[in-house]
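Visitor: let's see this in three dimensions:
(6 chains)
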There are 6 protein chains.
Amino acid sequence: MKVLSFGEMLLRLKTPGNERIIQAQAFEATYGGAEANVAVSLALLGNEVSYLSKLPNNPLGQGAKSTLRKYGVDTSELLIGGDRLGIYFFEKGASVRSTNVVYDRAYSAFSQVERNEFDWPTIFKDVDYFYFSGITPAISSDLEQAVLDACEYCKQQGIPVVCDLNYRAKMWSPEQAQKVISKIMNYVTICIAHDEDFEATLGIKAFDGDSSRGIEQKESFKAAMKQVQTDYPNCKMVASILRNIYSVESSQWTALLLKDGTFHETAAYDMHVMEGVAAGDAFGAGLLHGLLHDYPTDKLVKFALAASVLKLTVTGDLNLVSDAEINQVMETTGGSRLAR
Amino acid sequence: MKVLSFGEMLLRLKTPGNERIIQAQAFEATYGGAEANVAVSLALLGNEVSYLSKLPNNPLGQGAKSTLRKYGVDTSELLIGGDRLGIYFFEKGASVRSTNVVYDRAYSAFSQVERNEFDWPTIFKDVDYFYFSGITPAISSDLEQAVLDACEYCKQQGIPVVCDLNYRAKMWSPEQAQKVISKIMNYVTICIAHDEDFEATLGIKAFDGDSSRGIEQKESFKAAMKQVQTDYPNCKMVASILRNIYSVESSQWTALLLKDGTFHETAAYDMHVMEGVAAGDAFGAGLLHGLLHDYPTDKLVKFALAASVLKLTVTGDLNLVSDAEINQVMETTGGSRLAR
Amino acid sequence: MKVLSFGEMLLRLKTPGNERIIQAQAFEATYGGAEANVAVSLALLGNEVSYLSKLPNNPLGQGAKSTLRKYGVDTSELLIGGDRLGIYFFEKGASVRSTNVVYDRAYSAFSQVERNEFDWPTIFKDVDYFYFSGITPAISSDLEQAVLDACEYCKQQGIPVVCDLNYRAKMWSPEQAQKVISKIMNYVTICIAHDEDFEATLGIKAFDGDSSRGIEQKESFKAAMKQVQTDYPNCKMVASILRNIYSVESSQWTALLLKDGTFHETAAYDMHVMEGVAAGDAFGAGLLHGLLHDYPTDKLVKFALAASVLKLTVTGDLNLVSDAEINQVMETTGGSRLAR
Amino acid sequence: MKVLSFGEMLLRLKTPGNERIIQAQAFEATYGGAEANVAVSLALLGNEVSYLSKLPNNPLGQGAKSTLRKYGVDTSELLIGGDRLGIYFFEKGASVRSTNVVYDRAYSAFSQVERNEFDWPTIFKDVDYFYFSGITPAISSDLEQAVLDACEYCKQQGIPVVCDLNYRAKMWSPEQAQKVISKIMNYVTICIAHDEDFEATLGIKAFDGDSSRGIEQKESFKAAMKQVQTDYPNCKMVASILRNIYSVESSQWTALLLKDGTFHETAAYDMHVMEGVAAGDAFGAGLLHGLLHDYPTDKLVKFALAASVLKLTVTGDLNLVSDAEINQVMETTGGSRLAR
Amino acid sequence: MKVLSFGEMLLRLKTPGNERIIQAQAFEATYGGAEANVAVSLALLGNEVSYLSKLPNNPLGQGAKSTLRKYGVDTSELLIGGDRLGIYFFEKGASVRSTNVVYDRAYSAFSQVERNEFDWPTIFKDVDYFYFSGITPAISSDLEQAVLDACEYCKQQGIPVVCDLNYRAKMWSPEQAQKVISKIMNYVTICIAHDEDFEATLGIKAFDGDSSRGIEQKESFKAAMKQVQTDYPNCKMVASILRNIYSVESSQWTALLLKDGTFHETAAYDMHVMEGVAAGDAFGAGLLHGLLHDYPTDKLVKFALAASVLKLTVTGDLNLVSDAEINQVMETTGGSRLAR
Amino acid sequence: MKVLSFGEMLLRLKTPGNERIIQAQAFEATYGGAEANVAVSLALLGNEVSYLSKLPNNPLGQGAKSTLRKYGVDTSELLIGGDRLGIYFFEKGASVRSTNVVYDRAYSAFSQVERNEFDWPTIFKDVDYFYFSGITPAISSDLEQAVLDACEYCKQQGIPVVCDLNYRAKMWSPEQAQKVISKIMNYVTICIAHDEDFEATLGIKAFDGDSSRGIEQKESFKAAMKQVQTDYPNCKMVASILRNIYSVESSQWTALLLKDGTFHETAAYDMHVMEGVAAGDAFGAGLLHGLLHDYPTDKLVKFALAASVLKLTVTGDLNLVSDAEINQVMETTGGSRLAR
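Guide: Residues are numbered from 1 along each chain as shown, chains lettered A, B, ... in the order given. Prediction:
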């Protein structure tokens, strides 16, 4: 069983600790990106996964590629070329000060890729699941087309399409997003959507009120999830994380999965958040891992959420945790003890 | 509109993370001091502000001056000379272990300044507000006199005097402080006082009981604030932060402002504190910024408190935040979300 | 009054911040070990204490010895020789991800020591208390014998024996532990046992249910403590920390001490935990310090617990705090304030 | 006397020590750029200098601006806007491995500036010298035009134009450079050219043979310098550093200045190079400083070279040295001693 | 064309900068080992290479494996199991103070491997060259036997055997080494030997006098190299680096290769050494790369030496350089210039 | 055999790498001081040594004391009290840029000590050698008197007095120094003087010409050394390091010792200097170690110089080397090889 993940990888430059960018004299350098994060998670969990993107042929492109290889992702389909690797500067917030991201991703090698550089029949050889997030089509119109080409190919071949809607307000407006995503959703078999994704990319309201109180609005989320399947009957499964966010460090996490008309729901985790990025990618990877291993639906969403909350305890974009650790968190009822 | 801020700038040497001084093999070096912090905040918020102090003509004095310039403070009035820059060693506490400061500020260039080195008419040219804290007169009798000289000049020129009482037990006793501050208060137009400042510098009790439960003693604080105006009728405004302190990391913050017989009160922030210093200076700067921009009194105290709690999320003495960020915190009702 | 502490010292290699070992490009290096930690605490509190172990004659052994000397521990009884210093890799957890330890301590110089290398009459000259933990006899059968030899000598000389049972599941099984510890307990005057120590090393159940909710099971603990004295009448005092553990960062701490049929109990501390290791050693050292200074029993356990919770705020194995700081924590009713 | 310096400022991201980019987990962040470096040097030497560029309105643009202010450069003429700050990644070589730069400067705010954004009469108010390097016109055709506009304005106003030809092979070809530089040279009063600049930007050969043995080819350089003045009679002064380069760490430095038909030559420095960038900018700044203070021609070139070699001992793009230190190096005949 | 490299991988813990171990509060962590270094070099140069070893199933074993994957080495033949990863502590010398290594490699997973764990026919499938160094058989008698088994299999299959004699005095005595190596040499097709390797492992004197003046004793080396082929007629090629060592930082490097009775000799490099380890491994990898690409013999040894001296400029055990960089160093006659 | 070393210990704050103070965001913290450095060296070499000074009772004073204990110095005679620990900021030079020290040592606890705080008969109990440097009497007149008191006591008791003249231009003028040192020299048995010490403290010219070319002026040094014994007949031995200094990194070192009318001279070391401080202290400690072990005079000066040049390879004030390493450097004729 093999997954293909398709998206952009960026150099992440994070200030040390909680420093602001203006006071930083150094940046911690790691590599990540929604679809790369999913690929690495799947590889770390022992799955076969190939990552498709375009990286420049310079030390930073090599750094990105090395990171994928380090964790066991197949990089043989990567396109090499173009001018630059996209960058994002990352400033971890604290308490009432939000975490902030400064994108410097325009004109990256991947953003300049042309639709016809992708030879889908070759790329999809032996692939059993196709994964991408809403970021990929937001990057350029060629990538929007490429995503649609890939989806069409998957439809023909019966390869399930998994999409995390992943709305990014700094990349496109809700109007732009909805126009594109509504086309893509016709191909999507499994849809992952969190928070503002419903409204921004699908025009479906999931929040009645305060967007930082998702768990309190579970019924509203359920309605939105049902609406997704009504609007896009090809979509067999909708999954979503719900959160109450109290501060940068403190939040509560739960998840919902809708399949065959039934909602599967997890218990809630009270989290002390060390770094609040890429938890959605970890959720998607957990879901895919469960699908690849035929987990019962209840376990599927529990495993995905446990993977997701573990990411909140790991620095960097990548969810460097093991299957055993995810299972341990799934089963935890109380606090964790030092093992020695 | 221009502010003059008058005080001492120190080299701050902080152990990495939460290390104790005895285990530190390095110190993080930044520069700060109550009045310099206020000046930097005002400059970052777009105001014109000049800082008056005396710095030694060595690389450390230059480091202090460069810090001021970096953030846009006018340094043309600085006196250069003397032997050393004062230092304070800073050890961040955790949970039940208090944050600790080791002062090494005696014999600094500023502490050796003579009263007659200040040419007030030149210094106060184009100045609209005068700011200092209770630390400045605590440093030496020449500085006590210099503060009084400056206040007298302000009185003549109609320049409002803003003073944060800022009691420092490691610098003087309540007896010494009260003797000096009572003279100064006759000139103060706007008085900022927190926690033990009321009792230590003015002899007015603000706490009935446990000093770590300020919010629970709001009535007692209100009485103290009224007493200030009774004792010093020249004081048109009294502002104060009230806190419940649960641990080094966890506290609740609110603020009171008394003007024209009316108390203006803010909502409370539940804070996860990253670094608990210079929040009072951030409050003072927020207040001054509001005064410079004729904020309504309600907004004045809200803005000041939002600036203050933001400081708790920034490392170093300087409140490196923007107007937009302060406004965002003022309006926040729930948790903050990552913007990307 | 002099204490002898007998055990193994390791090089601790910790990843920076909360990094996982697989992402670490550096390790912070410190030295520690249960009995060395107790020795350092006692020295820092002003007591005379000698540490007995075996260290290799290489830069790492010298590093361990230097650490002891730095904080004032007498190292004149140390054996020097053997091949390597034991190591443990330390990965600090976060929220739902447990702190983890990778032991690399096999074949250390101390583990290869022979029973007859210890000349007990010389070693115990002027010693008033003998301290070791359950780790020491777990290391090798020679060390099991050496501990028994030392205990027998203490019995002859009337030197009280203080033992922290300190069960380590990565070192031996409950069956192995119980076989050895039951012999040793016949010599123990003061027994310290936490959490799973009761069941794993003595076969006495202290938990009825969830092991992360110790405080909620106080009665069950009390019964276990009584059972210890019933089984081992030579044991005059049993002391134990009870914890409710909510997450890696958050837990509640209290302590019980049983002496002359009476339980002495402390108030509870709500802790934000910076680093959750060696708090048991800090407790033991606090207890010993109180014994050396004839503290009343109530103060004894309060002082020990205050020392213990302070350790949770200090990085590294060593509890680098002063007598004054422990006393301050003992007396704290509310939050702590910055002293400046 | 005031200088205007016109060019681009970049974020420099350097690997720690001599690490290669592919092994870096962090980058040291500083800000620089040829013309900004010259501006900072002039400010540190006590001169009035304004820097003209365009910086984006984001934390990185603010970081660049803050750096200028920190060291006393006037930033009031800076344009603020555009999308991104240019970046260069910097990998320090060692021995036979060359230092390497990865440019990521395309599409920067400055590269997108339009010719008509510059209001030259306002910008040149009170300016006595105009400085730029060959990098500025290499960035875009609008900047080529802007440079020519500025030069034309200087010609009209009699403001001397100082240009360091500063050829960058990664930015343009010799053909492209020569076409542009030949136009600009008609306005240049003082021309600085090193190494391959003569041939690449002017088509004048300065090297007979091995380009790493400049000092051995002094006569060839002299002929090239004369040819410059023959080709561009408006050019009153030509200055050049000559180097023998033995390895990344080891080189020999001397300088030539041609004025009024006479060559002024310095003694040679045998340098242990700590960081081999921006030494040419330091030379240009030294020259300008000398011009601003009417140094005799001999002293002019000696001072410039001393400033230049000092830069080889300072990390970062900026030559953080004082007038006194440059003078000390000028006068040094032997080794330097620790002053204490 | 594929290479199999067989040996042990260690965790290298280096003090920061030139710190001594006793003053280190941190260690930089990388992974390496002679045969792993060769494998990584070959992969970075674009060759197919598989690495055979045994790594423990813990985070450190995973770190070692990840490092191999990161740089493109095939890890599918790795054995996983055993208790610990070997460690070496590394202290970089300076000037007259030698670089020092503290081995802590005993009882590693690889050292405990059993001869019969290796299934040579499977392992050698599609392998064209077999590489190991003299360290592998020095580790244990099972590994001595395994090496001989592998050699025997290679002999049967006509796979050339490349061995770097790599004597380690801290692992075995000359007597022990000679007994084993003399057996192995009967299978070796290409022998690499430096410095004391000739005498310690083969009993052939290469030095007449001062071992730090190898280049001055070239004739003596040539005689030794001839003697190798006389003693072991199966050895078709002998290659050796010769060095004059002036200090930790300064040495001169040249190389000799003997084939078909002819000596091929390189020019000499005067090196400023940044880190003097693993240069021999880089030489071996360069040689193998040349063999895989049928380089003429002259180019073979020049390429290998250029690869080797480049390693002296790279920190860590791995020679992170490209084909292009090695070629540039091969062709360099003078100093290197910054490329920008 | 026991040594007493008497002087001041400072906190040294060094910028990372070769950074200038104005660019430093951190300082590396170590503790040192001429006489403390000598004490630590002696302890590391296995000698009994006690250090006499006064340290403040705060975390920095405790840090200084801990450093002494760490390396085995007896701290039982230390006075504890006073206000602050002296500090020096340290900026490592490079090539032509000198290393620089910013003293911030005024008003330290030791500088405020009173003559009568020292109880010499108790302090000198069991002491066989008394060591101090010219820095101690330069600090205050009370310390000048204390040194004379101690010398007088030594004279009475027949304890040899070893003094390193150690002139510090930032502490006193030659006139002031000569007045004091001439009194002290009457008691000195063994005098160590380098570089400008002869002229500045004794008024004896040792340099005919360029002070950076000491070795070239050996005869002049010899004459000066003889003159010392002529002027102060009590002085039985004069020892001196002679250096040619080529740059911060490069210098040549040799030493002279005059005893019984005979000069003992060492070979010269060509040094690559990593950190050029405290080498004189290492020389003094080497001399004392040789005296304590009755080395023949030739070996005495060779050992002292080898210890001294080794210090140039160690960061921090302390010469963290072993007896074996010093002996190895004494015997080295060529370059050093990596031991593994």
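Visitor: who's in contact with the residue in the stretch 101-250 of chain A positioned nearest to chain C?
Guide: Chain C sits closest to residue A:249 of the stretch 101-250 of chain A, with a gap of 9.1 Å, by CB to the nearest CB. (Glycine included, C-beta is placed from N, CA and C.) Contacts for residue A:249 (CB atoms under 8 Å, 6 or more residues apart in numbering or on different chains) come out as A:94, A:95, A:272, A:273, B:272.
Visitor: let me know the closest of the residues you listed to chain D.
Guide: Proximity of these to chain D (CB to the nearest CB) peaks at residue A:94, which lies at 16.2 Å.
Visitor: so who does the closest one touch?
Guide: A:18, A:248, A:249, B:272, B:274, B:312, B:313, B:314.
Visitor: what kind of secondary structure is the residue nearest the centre of chain A in?
Guide: Nearest to the geometric centre of chain A sits residue A:281, at 2.9 Å (CA atoms, centre = their mean). Assigned by DSSP: H, G, I helix; E, B strand; the rest coil, the conformation of residue A:281 is helix.
Visitor: correct me, but it touches residue A:39?
Guide: No: taking contacts as CB atoms under 8 Å, residue A:281 lies outside contact range of residue A:39: 9.4 Å.
Visitor: now do stretch A:48-67, average pLDDT.
Guide: Computed over stretch A:48-67, the mean pLDDT rounds to 98.
Visitor: that should have said stretch A:26-37, apologies.
Guide: 98.
Visitor: next, residue A:54: phi, psi?
Guide: According to degrees, to the nearest 10, the main-chain angles of residue A:54 amount to phi -130, psi 130.
Visitor: repeat that for residue A:269.
Guide: As for residue A:269, its main-chain torsions (degrees, to the nearest 10) stand at phi -110, psi 130.
Visitor: burial of it, as a residue count?
Guide: Counted with other CB atoms under 10 Å in any protein chain shown, residues neighbouring residue A:269 total 22.
Visitor: ok, now residue A:183?
Guide: 14.
Visitor: where does the stretch 201-340 of chain A get nearest to chain F, which residue?
Guide: Residue of the stretch 201-340 of chain A nearest chain F, by CB to the nearest CB: residue A:315 (20.9 Å).
Visitor: so which strand or helix has residue A:300?
Guide: When elements are assigned from DSSP states H and E, residue A:300 belongs to helix A:297-311.
Visitor: ok, residues contacting that helix?
Guide: Residues from elsewhere that reach helix A:297-311, judged by CB under 8 Å, 6+ apart: A:41, A:239, A:241, A:253-257, A:259, A:262, A:264-266, A:269, A:271, A:278-287, A:289-291, A:295, A:319, A:321, A:325-327, A:329-330, C:95-97.
Visitor: just stretch A:252-269 next, same as before
Guide: A:215, A:218, A:221-222, A:225-226, A:229, A:236-244, A:246, A:270-271, A:283, A:297-298, A:300-302, A:304-305, A:308-309, C:96.
Visitor: filter these to the buried ones?
Guide: A:215, A:221-222, A:225, A:229, A:237-244, A:246, A:270-271, A:283, A:300-302, A:304-305, A:308-309, C:96 (16 or more other CB atoms under 10 Å in any protein chain shown).
Visitor: nearest spatial neighbour of residue A:209, chain-adjacent residues omitted?
Guide: In this structure, residue A:209 finds its nearest non-sequential neighbour in residue A:217, 6.8 Å apart by CB to CB, 6 or more residues apart in numbering or on different chains.
Visitor: tell me the contacts of that neighbour?
Guide: For residue A:217, the contact set (CB under 8 Å, 6+ apart) comprises A:206, A:207, A:208, A:209, A:242.
Visitor: and the first one, which of the three is it?
Guide: So that's residue A:206. Secondary structure of residue A:206, per three-state DSSP, is coil.
Visitor: once you drop chain neighbours, what's closest to residue A:105?
Guide: residue A:86 (3.3 Å).
Visitor: meant to ask about residue A:152
Guide: Of all residues not flanking residue A:152 in the chain, residue A:187 sits nearest, at 7.1 Å (CB to CB, 6+ apart).
Visitor: unless I'm mixing things up, that neighbour is touching residue A:149, no?
Guide: No: Residue A:187 is not in contact with residue A:149 according to CB under 8 Å; the separation is 10.6 Å.
Visitor: please produce a ChimeraX select command covering the buried subset of the contacts of residue A:249.
Guide: Restricted to buried positions by 16+ other CB under 10 Å, the ChimeraX selection for the contacts of residue A:249 reads:
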select /A:94,95,272,273 /B:272
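Visitor: tell me how far the closest residue to residue A:52 other than its chain neighbours lies from residue E:102.
Guide: Of all residues not flanking residue A:52 in the chain, residue A:6 sits nearest, at 4.5 Å (CB to CB, 6+ apart). Separation of residue A:6 from residue E:102 (CB to CB, to the nearest Å): 48 Å.
Visitor: which residues of the stretch 101-250 of chain A fall in helices?
Guide: For the stretch 101-250 of chain A, applying DSSP state H, counting those that start in this stretch gives helices covering A:120-123, A:135-139, A:141-157, A:174-185, A:197-202, A:218-231.
Visitor: hmm, the fifth one in reach of chain B?
Guide: When you say that, I think you mean helix A:197-202. No: applying CB under 8 Å from any CB of the partner chain, one finds helix A:197-202 separated from chain B by no less than 12.6 Å.
Visitor: so what touches that helix?
Guide: Outside helix A:197-202, the residues within contact range by CB under 8 Å, 6+ apart are A:134, A:165-167, A:169, A:174, A:177-178, A:181-182, A:185, A:193, A:204-207, A:221, A:224, A:228, A:231.
Visitor: go again with 6 Å.
Guide: Contacts with helix A:197-202, where a contact means CB atoms under 6 Å, 6 or more residues apart in numbering or on different chains, come from A:134, A:165, A:167, A:174, A:177, A:181, A:204, A:205, A:206, A:224.
Visitor: touching, residue A:131 and residue A:162? I think so.
Guide: Yes: judged on CB atoms under 6 Å, residue A:131 makes contact with residue A:162 at a distance of 4.7 Å.
Visitor: quick one: which of the two has more around it?
Guide: The residue with more neighbours, out of residue A:131 and residue A:162, is residue A:131; 30 against 24, by other CB under 10 Å.
Visitor: what about residue A:120, distance to residue E:78?
Guide: 34 Å.
Visitor: typed the wrong thing, it's residue A:128
Guide: As judged by CB to CB, residue A:128 and residue E:78 stand 27 Å apart.
Visitor: what of residue A:56?
Guide: Noted for residue A:56: a distance of 31 Å to residue E:78, by CB to CB.
Visitor: spell out which parts of the stretch 201-340 of chain A neighbour chain B.
Guide: For the stretch 201-340 of chain A, the residues in contact with chain B (CB under 6 Å from any CB of the partner chain) are A:210, A:212, A:245, A:246, A:247, A:249, A:276.
Visitor: what's around the residue in the stretch 51-200 of chain A that chain E sits nearest to, how many residues?
Guide: Chain E sits closest to residue A:70 of the stretch 51-200 of chain A, with a gap of 3.8 Å, by CB to the nearest CB. Neighbourhood size, residue A:70 [other CB under 10 Å]: 22.
Visitor: relative to residue E:67, how far out is it?
Guide: From residue A:70 across to residue E:67, the span is 7 Å (CB to CB).
Visitor: and residue A:18, by the same measure?
Guide: Distance, residue A:18 to residue E:67, by CB to CB: 30 Å.
Visitor: the two: which has the busier surroundings?
Guide: residue E:67 (23 against 18).
Visitor: next one: the more buried one relative to residue F:160, how far apart?
Guide: Noted for residue E:67: a distance of 58 Å to residue F:160, by CB to CB.
Visitor: and stretch A:278-295, which residues are buried?
Guide: By neighbour count with 16+ other CB under 10 Å, stretch A:278-295 contains the buried residues A:278-292, A:295.
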